[in-house]
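In: Sequence and predicted structure, then a few things I'm wondering about:
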Amino acid sequence: MTNTSGTYNFKVVLLGEGCVGKTSLLLRYIEDKFNDKHLTTLQATFLNKKLNINGKRINLSIWDTAGQEKFHALGPIYYRNSNGAILVYDITDEDSFGKVKNWVKELKKMLGSEIVLVIAGNKIDLEHERTVPLEEAESYAKMVGARHFYTSAKLNQGVEDLFLELTREMTERLEQNTLSEVTRTSRVLVVDDETPVQSSCCSGSKSN
Amino acid sequence: MEGSYDEIVSENPFFVEFKNEYTNLFQHCIAQSWIICVPRIGSLTSRVFAIEDFCAHILVPSDELPESHYSTLTEKQVTVANKVITLEVTKGLPLQSHILFEETFYTEDFIKYKVWCIESPLEPTTKTGDNLTTKEYLASINDCIDLLWTQAAGRQVLDQIEQSVQLFLKKQPLPIAIGPLRDSISELYTQCLQYALQNRRLREKSKSCKMTLENIKIAVECYMQQLLFGSIFKHICTFGAYEDSHLNKKIRNMNDIQLKDLDIKKELFHSVPKAKQILSKIDTFNTVLEKVLCLKQALNAINEIDSSNNIVLLTADDLLPVFVFLVIKSGLPNWYSQLTYMKEFRFSGVGRGDGDESTFLITTLEAVIEHIQSGALSGPPNPESYYYESNLAEENVNGRQRKNSLTESISTSDTNPRDETLEHVFELIKANHSEQVQAILLRNKRNLESIKENVNDILKVSLDKEFDDIDDDSESESELYEKLCHPLCNCKRCCSKISKNLLKTSPTVASRDGHGLTPLHVASIHGKATIVELLIEMDAEIDATDLNECTPLHYAATRGHQNALLLLLHSGANINQTNIDKNTPLHLCVNNGHLNCVKALIYFAEHCRIKLMINSTNENGNTPLHLASKWGYEGIARLLIENGAEPSLQNRHNKTSFDYAHNLKILQVLKSVTPNLYEYIHITSTDVKTLKFSDNSLNLKQLKSKFKIHENNTSKTVENLKTIERILKAISFGDVKLACFYMNIDYLSYKDNKSNKALCHPLCECQSCKKTKGTQTDYDVNYPDSNGLTALHCAARYGLDELSNILILNNANVNCQNKRGQTPLHLAALNNKPVVINLLLNNGANINAIDHSGNTPLHDASEMGNIGAAKVLLNYNPDITMFNGSEKTALSVAKEKVHLTIIDLIEKHASKL
């Protein structure tokens, strides 16, 4: 998703059960030093971050989602058209890891390989209370083709790496896609690509 | 929108030169993670920079406060607070500059450094460049118009946009589906933008600054939307009519939902009213820009203040439930269409990706609507519980505790008398344990009766204070009886014990809780038909009212429980009972979109020949049709219209149902009735519309056979009521033929015989004479409708002299009165129909008839200033000295209204006497 000036606009959704620390991760990453009053940034549910990686301008829009089970059905509304998803679980809570697995399944089904997935095991500051085995998490991530990170929003560990890696992968994925599409057919396809996604969403919501 | 300023920093000349010419310093900065400030493009005039210029723009974090205090390489102290850099200068005011945005750079080997793009240079000496207000963001339609006007130096761009919009609206009927509509408007937008950029000034400015171009795009779009909105929004609402009405039904039915039901944090409660107020204004904005801004403001108004008075950031977990609550409570009838408008008619944002803030806000709204629509919310678990708890803060705790204890009590044995509180019975009703309810209530009833037999005269004795120390709350009934002097003793002491016990622990069908709810209310709220039936059998009071003056019927209607509703109706519940807000059950079920209950009410009323007040108004003057129209319930609106609802009635805000219709489908339904507006459209006998009707004889036969069948039928009255309604309607159209047809009168024979009405001879038996005599109808022309109006009343009102004559010949009573005591003569006088007045008076109408407010026809004519009527009336020598209900003669009425001609007429008449 580029605009005329060559800036990449990426949409990233944060998914995961409530209380796993999605919002803390997000706030830690943005570390909005020059802004005491966060009010202008629409609470902590939507944040923008401008990056410039090796000369490529990237505008990250990070969307936080509600983690309660009752809002699970709203997932598709949030994650459609997103370029990346960060699936957060709490290493001290096995259920939250199970939730991540569900999300991965759903995202793969709905969006295929269009979306870049990153799994984050949060709260490594509570390593001694860990219940999700390290190997299990990492091998699962490998299996579904997602990068796995250990993070601690509290100690500011791994947060920046997580976002940086995600951004790099999204950039790569996008460049590959545009390259292959340009070689395959005309540029029209790029535009075409979006419409079926939208129409299917519309019809889906109507049938409900 | 705020913070949306953007430029490509790596192309900024200041930054480029720094990076290329002073590589060493630049690398050093990166290694030290110093912050580089870059003045935005255009804010620096000179293109020649010295090393000092760069040094002044490098911020080194201080050791103590690295977050907020910095020093530049030129040894100046800098503080950063709330997106503003403040530079201390030796003299004068400190220099300030806004931080427009931060960009995090990564080098090839992933070393991170930060660049701040700032509004103006950090040097007091530097001349600032052009004063183009690039940071300015557009917040309203006025900003947009300002921008287009000032930047283009004239209003020709605005005019051009306006012209193309008008051309667009004139050119074609609007597409009938949302897709084509969006496409055609998108095309219009492109066209408008082209016009705008053909303007030389705008083109140059947008070339020099990317931000200006973005703003121009938004401004053009907004101005276009502002002009289009009135024409297209009704269409958009029509596309979304189905979704909207379903959403409204969902929302109406959970309207009494409370914050605690949505698991919303208590800390947020205080901000909800303000947010709600902001959000409910969303429909006053015409442009997508303003609507989105309204969403943003509403969400930002939801905040949490911690103990030290700081604002705490909200997470999505907290925000979404509050937003759901706001949408439910906002009272807007067309959320789905609002969403569609915002979602589909944003054109300027295209190209900025799908992730910007506006998209996020719109998506959040979509998620909220989807959530409500999905039915995941089912309203408050205990709909009547909000009566119990008035204090929000205590609600949560109490509610949960009580619930627990009650669920426990159900599981424990039901013979335990301690559980036999009214609340326990209510819980049993909710759980549909009809047998247990019956057992408890019957036993208590028997106890009550047996006690009554013994002590019936002493029960009334008031409780003396000396007995207060006896606490029998926890005593079972058997224990209580043991404590009495003798089981049948009726001394004061024993009686008070018993009555106290009765009051506290023995619920019967007639008991009420603190809010006046009886068991029948609770059963109706929860739609437990078997229990409703049971309670009715046990002689529960059908029309018992609670503190809100609601009867069980109100609750059954509100909640859409058709079975309970019908049971109540069949047991004689008052169908037109009003509650404290003057709502009838019909209002309530229409409001909540329960078509099945609306049908039940209407058909029941029809079947049992009860008059259902279909146009009754509530406290706000709304009729049920107002509500159906507002919430877009097409089926209900049609049903109401078919049953005589009147769309042009005004409510307290002088709004009719037409005003509330927000989509074309509803409007069509409402309009289907307009020809019947005989109360409002004045039909005179000269512009009579004649309805065509063919196969006259066939209909007549059918009608006749119908009559025959119904002669023996019990529901003849209903049939008659229907017929008279049809007749009056026909008369209101001025269609004499049709009216005669309905009354079974052979109209043609009257018409033919008009010229030679007289018989050849009183006893003549020739054909023509026979015809005249034989036309006496078997239909009773004096049959009144529910307002007491007969056909003759109606004919008189509309001045149909021909029909009046026919009616009189068919034995119509010229002096019959309607419910307000008015004779046909009154109506003719009120509506100034001199010919009919003449006819009526010639046929024995009482010139001095008085209606219920004491008015004679002459009073009416004077009141209305009907000169013609007054003249004719005066010819028949009325009693002009008669007083009406307010002790006035016809003359004083005329004087009061200053009808000079009439004053003159009456005075002349008086002088003649």
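Out: The structure has been received and is ready for your questions. Residues are numbered from 1 along each chain as shown, chains lettered A, B, ... in the order given.

In: Output the longest helix belonging to chain A.
Out: For chain A, the longest helix by residue count, based on DSSP state H, is helix A:159-184.

In: Buried residues in it, which are they?
Out: A:159-160, A:162-164, A:166-171, A:173-174, A:181 (16 or more other Cβ atoms under 10 Å in any protein chain shown). From N, CA and C alone the C-beta is placed, and that goes for glycine too.

In: can you map out the strands along the stretch 251-400 of chain B?
Out: B:304-305, B:311-312 (DSSP state E, counting those that start in this stretch).

In: do the longest helix of chain A and chain B meet at all?
Out: Yes - for helix A:159-184, a contact with chain B is found by Cβ under 8 Å from any Cβ of the partner chain, at A:Glu160, A:Leu164.

In: Who are the packing partners of that helix?
Out: strand A:8-15, helix A:22-30, strand A:46-53, strand A:56-64, strand A:84-90, strand A:116-122, strand A:147-150, helix A:188-192 (3 or more Cβ pairs under 8 Å, 6 or more residues apart in numbering or on different chains; DSSP states H and E).

In: nearest residue to the residue most central in space within chain A other than its sequence neighbours?
Out: Nearest to the geometric centre of chain A sits A:Ala85, at 2.0 Å (Cα atoms, centre = their mean). Computed as Cβ to Cβ, 6 or more residues apart in numbering or on different chains, the closest residue to A:Ala85 that is not its neighbour in sequence is A:Val13, at 5.1 Å.

In: Helix, strand, or coil at B:Thr104?
Out: strand (DSSP: H, G, I helix; E, B strand; the rest coil).

In: One more: B:Leu442?
Out: Per three-state DSSP, B:Leu442 ends up helix.

In: same check, this time on the one 5 residues further on
Out: For B:Asn447, the reduced secondary structure class is helix; criterion used: three-state DSSP.

In: is chain A contacted by stretch B:199-213?
Out: Yes - against chain A, stretch B:199-213 shows contacts by Cβ under 8 Å from any Cβ at B:Lys210.

In: shaky segments in chain A?
Out: Per-residue confidence for chain A (pLDDT under 70) gives these ranges: A:1-5, A:31-43, A:181-208.

In: change it to 80
Out: A:1-6, A:18-19, A:23, A:27, A:30-45, A:112-113, A:154, A:177-208 (pLDDT under 80).

In: on that earlier part again, rebuild the helices and strands packed on helix A:159-184 as a markdown table, extending it with distance to B:Gly868.
Out: Listed next are the helices and strands packed on helix A:159-184 as a markdown table, based on distance: least, Cβ to Cβ, whole Å:
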| stretch | distance to B:Gly868 |
| --- | --- |
| strand A:8-15 | 77 |
| helix A:22-30 | 80 |
| strand A:46-53 | 73 |
| strand A:56-64 | 75 |
| strand A:84-90 | 82 |
| strand A:116-122 | 87 |
| strand A:147-150 | 94 |
| helix A:188-192 | 74 |
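
In: Could you tell me which helix of chain B is the longest one?
Out: Under DSSP H, chain B gives helix B:210-239 as its longest helix.

In: who does that helix touch, helix- and strand-wise?
Out: helix B:141-151, helix B:156-171, helix B:178-198, helix B:200-208, helix B:288-301, helix B:335-344, helix B:664-671.

In: So for the fifth one, mean pLDDT?
Out: This means helix B:288-301. Across helix B:288-301, pLDDT averages out at 85.

In: next one: the fourth one
Out: Helix B:200-208 carries an average pLDDT of 79.

In: and the angle for that helix with helix B:210-239?
Out: Comparing the axes of helix B:200-208 and helix B:210-239 via axes from the mean of the first three to the mean of the last three Cα atoms, to 10 degrees yields an angle of 110 degrees.

In: go on, the longest one?
Out: Between helix B:178-198 and helix B:210-239, the angle comes out at 150 degrees (the same axes, to 10 degrees).

In: elements contacting helix B:178-198?
Out: When contacts are defined as 3+ Cβ pairs under 8 Å, 6+ apart, helix B:178-198 sits against helix B:156-171, helix B:200-208, helix B:210-239, helix B:335-344.

In: Give me the buried stretch members for it, please.
Out: B:178, B:181-182, B:184-185, B:188-189, B:191-193, B:195-197.

In: if we can go back for a sec, who wins for proximity to B:Leu228 among the helices and strands packed on helix B:210-239?
Out: Across the helices and strands packed on helix B:210-239, B:Leu228 has its closest neighbour in helix B:156-171 (5.9 Å, Cβ to Cβ).

In: ok now the closest one, how far from the chain's centre?
Out: 35 Å (Cα atoms, centre = their mean, to the nearest Å).

In: Could you do stretch B:593-613 as well?
Out: 22 Å.
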